[in-house]
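# For reference, the sequence and a predicted model appear below.
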Amino acid sequence: MQKGDIILTIRTTAYNHERYIRDCLDGIVMQKTNFRFEAIVHDDCSTDNTASIIREYAAKYPDIIKPIYEEENQYSKGKDSQMGKKMDALTHGKYIAICEGDDYWTDPTKLQRQVDFLESHPEYSMCFHDVEVKAEVGREWYDCFGKIENREYKAPELIRDWKVPTCSMVIRREVYEKRPVNSKFRMGDNVLVMTCLSNGKVWGMNRKMGVYRLNPGSWLDTHKGKRNCYDFISHYKGMMEEFPLCRCQQMYNNIENKYFELMAILKKEGNQEEFERVKNDYLNYPGTTHMDKFDRYYRIESLRHITKLLLGPKISKLVSVLKTRLGLNEGRSINSTI
């Protein structure tokens, strides 16, 4: 590393994050490193005071905060890729870190620790770390990513059990730039991690160095019900087409489970026409055989709903065990038909 060079670029996107953006920017400017870093902060035409707060920090920390202000909301126009290209044009770092405007970092040594690891382990394309998850709307904090250990993580386990908070990633720039940009992908963090796994190794750190927020209007909060199912099916299929390492039994399980969830919703709605269309799409997908497995799934989900009303949410865990015993979490291998 040459003295004076910008070694790491942070990418931050924000929209109507006035309640959270100060935490995000404070977490960035507090970082203690022996290298220079920059933060490209993109405001997508927020209608609140987000842009004003970004301007405040850009004026105070001009060597770090590099703002982009949109005059029209790009996300609503389907121009996500254009937003990315604008940020790409301003990127100078050898490494890329990500922190969305509603997340934030809590450890001032975060960037130094991750860059030190990647500098000394050239075979690794990315490292990530543990975070706390803060759920808004009166919900308590909880750990939806599970325990993150100090070790290498491989594709099958991350496909089965997602453990990579977006705000924890630091990625080599040359790998980051290989990420495919396509409308079929609904979750950019999945795509980034699979790109990294296709071009190197991925390391986890069990040190909590940030906070991942689940807020009203966030992707996880808004993508529910039918929309969630359709988006996930499209996303998983796209991942299998793009990445050979995703053509595995577990990814097929994910697709099948989303088909089942979607068909169960349609069946409860009494939407027979859409149900038949989705059923035919499922049956025509490579590897599917019959609807018996869905029938069992639907009976179990109906039982879960009734028992949850009567006995509370803890019964869901018991029903999940029952589903496993009945083989409803088992998948079929993917072959060359994908």
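Noted; the coordinates are in hand. Bear in mind the structure is a predicted one, so any value in this text is a computation, not a measurement.
# where do the strands sit along the protein?
6-14, 36-43, 65-69, 95-98, 104-105, 124-135, 151-153, 170-172, 201-214 (DSSP state E).
# tell me which residues in the longest one are buried?
Under the neighbour-count criterion of 16 or more other Cβ atoms under 10 Å, strand 201-214 has 202-205, 207, 209-214 buried. Where C-beta positions appear, they are placed from N, C-alpha and C, glycine not excepted.
# what about the protein, any weak spots by pLDDT?
Applying pLDDT under 70 to the chain flags the ranges 1-3, 76-81, 136-144, 182-184, 186, 216-224, 287-290, 303-338.
# Could you state which residue of it sits nearest its centroid?
For the chain, residue 189 is the residue whose C-alpha lies nearest the centre (Cα atoms, centre = their mean; 3.9 Å).
# Give me the neighbour count for the nearest residue to that residue once chain neighbours are set aside.
Spatial nearest neighbour of residue 189, excluding adjacent residues (Cβ to Cβ, 6 or more residues apart in numbering): residue 166 at 4.6 Å. Neighbour count of residue 166, defined by other Cβ atoms under 10 Å: 19.
# which residues touch residue 166?
98, 100, 103, 188-189, 212 (Cβ atoms under 8 Å, 6 or more residues apart in numbering).
# Repeat that for residue 145.
By Cβ under 8 Å, 6+ apart, the residues touching residue 145 are 130-131, 133, 162-165, 212.
# can I see the domain layout of the chain?
With domains defined by automatic domain parsing, the chain comprises 6-220, 223-325.
# Specify which member of the contacts of residue 166 is nearest to residue 172.
Residue 172 lies nearest to residue 98 out of the contacts of residue 166, by Cβ to Cβ, at 13.2 Å.
# if we can go back for a sec, how much space separates the residue nearest to the centre of the chain from residue 24?
Going from residue 189 to residue 24 by Cβ to Cβ, to the nearest Å gives 17 Å.
# sorry, back to before: distance to residue 255 for the strands of the chain - can I get that in a markdown table?
Converted to a markdown table, the strands of the chain look like this (distance: least, Cβ to Cβ, whole Å):
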| stretch | distance to residue 255 |
| --- | --- |
| strand 6-14 | 28 |
| strand 36-43 | 32 |
| strand 65-69 | 36 |
| strand 95-98 | 26 |
| strand 104-105 | 34 |
| strand 124-135 | 25 |
| strand 151-153 | 22 |
| strand 170-172 | 26 |
| strand 201-214 | 23 |
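# Run a quick neighbour tally on the nearest residue to residue 33 once chain neighbours are set aside.
Spatial nearest neighbour of residue 33, chain neighbours left out: residue 112 (4.8 Å); criterion: Cβ to Cβ, 6+ apart. A count of nearby residues for residue 112, using other Cβ under 10 Å, gives 17.
# Hmm, residue 112 is touching residue 32, no?
Yes - taking Cβ atoms under 8 Å as the definition, residue 112 is a contact partner of residue 32 at 6.6 Å.
# rewinding a little: among the contacts of residue 145, who's most crowded?
Neighbour counts for these (other Cβ under 10 Å) peak at residue 131, which has 26 neighbours.
# Next one: that residue relative to residue 44, how far apart?
When distance is defined by Cβ to Cβ, residue 131 is 23 Å away from residue 44.
# try residue 202
Separation of residue 202 from residue 44 (Cβ to Cβ): 29 Å.
# can you check residue 175 too?
Residue 175 sits at a distance of 26 Å from residue 44 (criterion: Cβ to Cβ).
# now swap in residue 276 and tell me
Per Cβ to Cβ, residue 276 is found 39 Å from residue 44.
# Mind checking which of the two has more residues around it?
residue 44 (23 against 12).
# contacting residues for the nearest residue to that one once chain neighbours are set aside?
Closest residue in space to residue 44, ignoring its immediate chain neighbours: residue 15 at 4.4 Å, by Cβ to Cβ, 6+ apart. Contact analysis of residue 15 by Cβ under 8 Å, 6+ apart lists 43-46, 50, 73, 75, 101.
# What's the PyMOL line that selects buried ones from the residues you listed?
Entered in PyMOL, the line below selects the buried ones among those, by 16+ other Cβ under 10 Å:
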select buried, resi 43+44+45+46+50+101
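# now, which of the contacts of residue 15 sits nearest residue 37?
Nearest to residue 37 out of the contacts of residue 15 is residue 101 (Cβ to Cβ; 17.5 Å).
# where's the residue nearest to that closest one when sequence neighbours are not counted relative to residue 244, distance?
Distance criterion Cβ to Cβ, 6+ apart; nearest residue to residue 101, sequence neighbours excluded, is residue 14 at 3.0 Å. The gap separating residue 14 from residue 244 is 35 Å, by Cβ to Cβ.
# ranges for the helices of the stretch 1-150 of the chain?
Along the stretch 1-150 of the chain, counting by DSSP state H, counting those that start in this stretch, helices occupy 21-29, 50-60, 80-89, 110-120.
# Tell me which of those helices is the most buried.
The highest average neighbour count among the helices of the stretch 1-150 of the chain, using mean count of other Cβ atoms under 10 Å, belongs to helix 21-29 at a mean of 21.
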